[in-house]
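> Take a look and give me a structure for this.
(chains A and B)
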Amino acid sequence: MIELRDLTKRYGNKLAVDGLTFTVRPGTVTGFLGPNGAGKSTTMRMVLGLDAPTRGDVRIEGKHYGELREPLNSIGALLEAKGVHGGRRAYDHLLCLAQSNGIPERRVGEVLEMVGLQDVARKRPKGFSLGMGQRLGIAAALLGDPRILMFDEPVNGLDPEGIHWIRTLMQQLAREGRTVFVSSHLMSEMAQTAEHLVVIGQGKLLADTSMAQFIAENSRTHVRVRTPEPERLRDALVGSGLRPVTGADGALEVDGGDAPRIGELAAEHRVVLHELSTQRASLEEAFMRLTAQSVEYHAHAPGAPAAPPGAQPPGIQPPSGTQPPGTQPPPGAQAPPGEQPPPGTQAPPAWGTDWKKGRRG
Amino acid sequence: MSHTTRVLKSEWTKVRSVRSTVWTLTTALLVSVGLGALICGVTASTFDDMSTADRVTFDATYTSFAGMGIGQLAMIAFGVLIVSAEYSTGMIRNSLAAVPQRAAFLWSKVLIAGVLVLVVGMITSFCTFFLGQALLGSHGVGIGEPGVLRAVVGGGLYMALIAMFAVGITFVLRSPLLAFAILMPFFFLISNILGNVEATKKVGQYLPDQAGTTVMAVVPETLDRPYGPWEGLLIMVAWTAAALVAGFVVLKKRDA
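The predicted structure follows:
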């Protein structure tokens, strides 16, 4: 278990990590998600006692990292920067780490075999591919057979086979009852591995929720209907208790409606339909909406219109953090997720068009 | 096995498992001995051309250590690399994650490196002395003569101290580029100028290498210093200790 309490890191006048409070629990893979520069790596370095927090603290199984005499037996970590001397053979790299924590030498051979590097044990890592380097880093994390594992962007730059291997490994480690904490900036990646999600943006906690709940809240569907007689259809829909909204291209969007029922309704009222489709917001979109206000670096589309008023990303917690995790207002209360204007009619919205507003606020 | 023993073992594995250890220390030995031998050979063949004053104050022991001025640069390189490699490769994060007790980490590294450079320094000093004296022939001195053993042992200590000074400074600077760019020209050139030019000598002679080399001189007139050989070495010890403490403070205070 990793417990963070009001963890804060300030560099100059910039808060890299801003009052993070959450707990990473054993038995599941916890995804640590945020855009680049959100403070994920800084947080992980503070967990390992490498960077000193400006405020707050973090405990590993109830202890500060510095109090651990044999930390590798409690927590193993793969940090984003590999941290391997290119000229030190893989075996010796692991051996010096093992020795410092009183781990028997035979364990070095075991972890090398576990990650499939036994054939290059006597090779110098400067000749290793990205995937091999990543495996060596994971071997180091596994050395002390720790109850907690922490991986910073483990799939970055890996080929599909390597990604599949790491995913399977993380899930297996969690099944064994270990705490697995893994960071990523890709929602799609997390959706396939993590059961729990911690999302941060500009150092602040944005969500701390189970993956299932996140999906339920953020991938709500809406039905899109196009008709030459929108007014008649609108009346029909309103008459049966639905709340259609006119989309950017004149199509009606019915949040939470179901397509067959709307089709039947249209038939009853003899309204011609040109399109009837169910739209599902991707998790990636939900993540982008969630973090839109907190993305540090934006690629601005010139002349992009400002976001429509009230188009707040769903699931945003008030900055005070007083709300308990997982009780965010239901998404879609302000704006239906997955509201996608057809290409060409509007510049790409959502991804942080209103971030400046968020900063001021 | 105690915590310290484990960290020492780990640091020994680190030192012995990189090639730079072998090539820097071998270079220090070969350059010091080779250059010393060359200068002794040349001196022996031109001894009769020297002035009487030079002949009277001729320091056979110190002459045989002439190669150490260059050989020490390889010792410095060893000291710089053993520390800066931790930072340039990012290994420091793994190291400190494995040993969060930063004092234990630093002093174990210092002790392992210190013992190693002391052994290599002693071998270098004794080899360069005996080979040099053999080449000087009738102008050479024996190890049993007054002050000679002290100078030879002092030469070994000097080589070890200069490497450890570099270790301390590199813990402060972290970057290999910065450490090399500052230490190499300083000990190759700048310090020699400051320690010998009249205008700056008063201060310059207290620089670590300028003070440390006095322990290697048997004839005091060779160097003309206001302190004795052991005092000179002690000044260098103080510099080295200060550099290591500064390195420790930086390691302790700054984020890795």
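
> Could you use CA atoms for every contact and neighbour count after this?
Fine.

> wait, what's in contact with residue B:165?
B:79, B:239, B:240, B:241, B:243, B:244 (CA atoms under 8 Å, 6 or more residues apart in numbering or on different chains).

> Quick check: end-to-end length of stretch A:167-186?
Start-to-end span of stretch A:167-186 (CA to CA, to the nearest Å) is 14 Å.

> Ignoring the adjacent residues along the chain, who's closest to residue 256?
In the absence of a named chain, chain A is used. For residue A:256, ignoring the flanking residues on the chain, the nearest one in space by CA to CA, 6 or more residues apart in numbering or on different chains is residue A:222 at 5.3 Å.

> oops, I was thinking of chain B
Leaving aside its sequence neighbours, residue B:256 sits nearest to residue A:50 (CA to CA, 6+ apart; 5.3 Å).

> contacting residues for that neighbour?
Counting by CA under 8 Å, 6+ apart, residue A:50 makes contact with B:93, B:96, B:97, B:100, B:255, B:256.

> got those as JSON lines, with neighbour count, pLDDT and secondary structure columns?
What follows is the contacts of residue A:50, written out as JSON lines (neighbours: other CA atoms under 10 Å in any protein chain shown; pLDDT from 0 to 100; DSSP: H, G, I helix; E, B strand; the rest coil):
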{"residue": "B:93", "neighbour count": "26", "pLDDT": "95", "secondary structure": "helix"}
{"residue": "B:96", "neighbour count": "20", "pLDDT": "96", "secondary structure": "helix"}
{"residue": "B:97", "neighbour count": "27", "pLDDT": "96", "secondary structure": "helix"}
{"residue": "B:100", "neighbour count": "22", "pLDDT": "96", "secondary structure": "coil"}
{"residue": "B:255", "neighbour count": "14", "pLDDT": "93", "secondary structure": "coil"}
{"residue": "B:256", "neighbour count": "17", "pLDDT": "84", "secondary structure": "coil"}
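
> nearest to chain A, of these?
Each of those was scored against chain A by CA to the nearest CA, and residue B:255 proved nearest at 4.5 Å.

> Give me the nearest residue to the closest one, chain neighbours excluded.
With sequence-adjacent residues excluded and distances taken as CA to CA, 6+ apart, residue B:255 is closest to residue A:51, at 4.5 Å.

> so the one you found sits right up against residue B:253, yeah?
No - under the criterion of CA atoms under 8 Å, residue A:51 lies out of contact with residue B:253, with a separation of 9.6 Å.

> okay, the two: which has more neighbours?
Here residue A:51 and residue B:253 are compared on neighbour count by other CA atoms under 10 Å in any protein chain shown; more neighbours surround residue A:51, at 18 against 11.

> Can you classify that one as helix, strand or coil?
Using DSSP: H, G, I helix; E, B strand; the rest coil, the three-state assignment for residue A:51 comes out as coil.

> ok, it to residue B:170 distance?
To residue B:170, residue A:51 is 20 Å away according to CA to CA.

> now the helices: where do they sit in the chain?
By default, I'm working from chain A. Counting by DSSP state H, chain A has helices at residues A:40-47, A:90-100, A:106-114, A:130-142, A:160-175, A:187-193, A:211-218, A:230-239, A:259-268, A:283-291, A:355-360.

> actually chain B
Listed in chain order, the helices of chain B (DSSP H) span B:3-16, B:19-46, B:52-56, B:60-64, B:68-89, B:91-98, B:102-136, B:148-173, B:176-185, B:191-196, B:198-204, B:208-212, B:229-253.

> got the helices of chain A as JSON lines, with mean neighbour count and mean pLDDT columns?
Written out in JSON lines, the entries for these read as follows (neighbours: other CA atoms under 10 Å in any protein chain shown; pLDDT from 0 to 100):
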{"stretch": "helix A:40-47", "mean neighbour count": "23", "mean pLDDT": "95"}
{"stretch": "helix A:90-100", "mean neighbour count": "25", "mean pLDDT": "97"}
{"stretch": "helix A:106-114", "mean neighbour count": "18", "mean pLDDT": "96"}
{"stretch": "helix A:130-142", "mean neighbour count": "23", "mean pLDDT": "93"}
{"stretch": "helix A:160-175", "mean neighbour count": "17", "mean pLDDT": "93"}
{"stretch": "helix A:187-193", "mean neighbour count": "18", "mean pLDDT": "85"}
{"stretch": "helix A:211-218", "mean neighbour count": "18", "mean pLDDT": "81"}
{"stretch": "helix A:230-239", "mean neighbour count": "16", "mean pLDDT": "89"}
{"stretch": "helix A:259-268", "mean neighbour count": "15", "mean pLDDT": "90"}
{"stretch": "helix A:283-291", "mean neighbour count": "23", "mean pLDDT": "78"}
{"stretch": "helix A:355-360", "mean neighbour count": "12", "mean pLDDT": "40"}
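
> I'd like those helices as JSON lines, with distance to residue B:62 appended.
As requested, these are arranged in JSON lines below (distance: least, CA to CA, whole Å):
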{"stretch": "helix A:40-47", "distance to residue B:62": "51"}
{"stretch": "helix A:90-100", "distance to residue B:62": "41"}
{"stretch": "helix A:106-114", "distance to residue B:62": "49"}
{"stretch": "helix A:130-142", "distance to residue B:62": "50"}
{"stretch": "helix A:160-175", "distance to residue B:62": "61"}
{"stretch": "helix A:187-193", "distance to residue B:62": "68"}
{"stretch": "helix A:211-218", "distance to residue B:62": "75"}
{"stretch": "helix A:230-239", "distance to residue B:62": "102"}
{"stretch": "helix A:259-268", "distance to residue B:62": "97"}
{"stretch": "helix A:283-291", "distance to residue B:62": "70"}
{"stretch": "helix A:355-360", "distance to residue B:62": "69"}
